[in-house]
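S.K.: need a structure here:
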Amino acid sequence: MTQNKSSSTWNFFTNHAHVLICLMRDPGQSLREVALAVGITERAVQRIVSELESGGYLKRTKRGRRNRYEIEPEVSLRHPLESHRTVGSVLSGVAKIEESAS
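M.R.: Okay, the predicted model is just below:
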């Protein structure tokens, strides 16, 4: 898929969504790996993960020296326009798009 050069200054999904997508793909990856994939700093990812945890979208559990992240799929989206949808339904749609692209 080619990217339109005129639209390269903005993204459809927020960094919060990008972090969730990364953690959906690999719940055991490090936040450094997430930061590299999203293209933001590790500190920004840490802040986003904290906000997602506070909002109930994400649960962190310690496994040895590493963390594992579990997405809470039944939590509704925050914005009034999307509040009738859950985070799980959005991520499920992303996963379906990825499957059909491969």
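S.K.: what about the strands in this structure?
M.R.: Ranges of strands in the chain, per DSSP state E, are 58-63, 66-71.
S.K.: please pull out the lowest mean pLDDT helix or strand from the protein.
M.R.: helix 87-101 (a mean of 89; mean pLDDT, DSSP states H and E).
S.K.: show me what counts as buried in stretch 49-66.
M.R.: 49, 52, 57, 58 (16 or more other C-beta atoms under 10 Å). Every C-beta, even on glycine, is put in place using the N, C-alpha and C of the backbone.
S.K.: among the residues you listed, which two are most distant?
M.R.: The span of those, defined through C-beta to C-beta, is set by 49 and 57 at 9.7 Å.
S.K.: my read: residue 23 touches residue 58, true?
M.R.: Yes: counting by C-beta atoms under 8 Å, residue 58 is a contact partner of residue 23 at 7.0 Å.
S.K.: could I get the full set of helices for this protein?
M.R.: Under the criterion DSSP state H, helices of the chain are mapped to 15-25, 31-38, 42-54, 87-101.
S.K.: closest to residue 67 out of these?
M.R.: helix 31-38 (7.9 Å).
S.K.: against residue 97, how distant is residue 53?
M.R.: According to C-beta to C-beta, to the nearest Å, residue 53 stands 26 Å off from residue 97.
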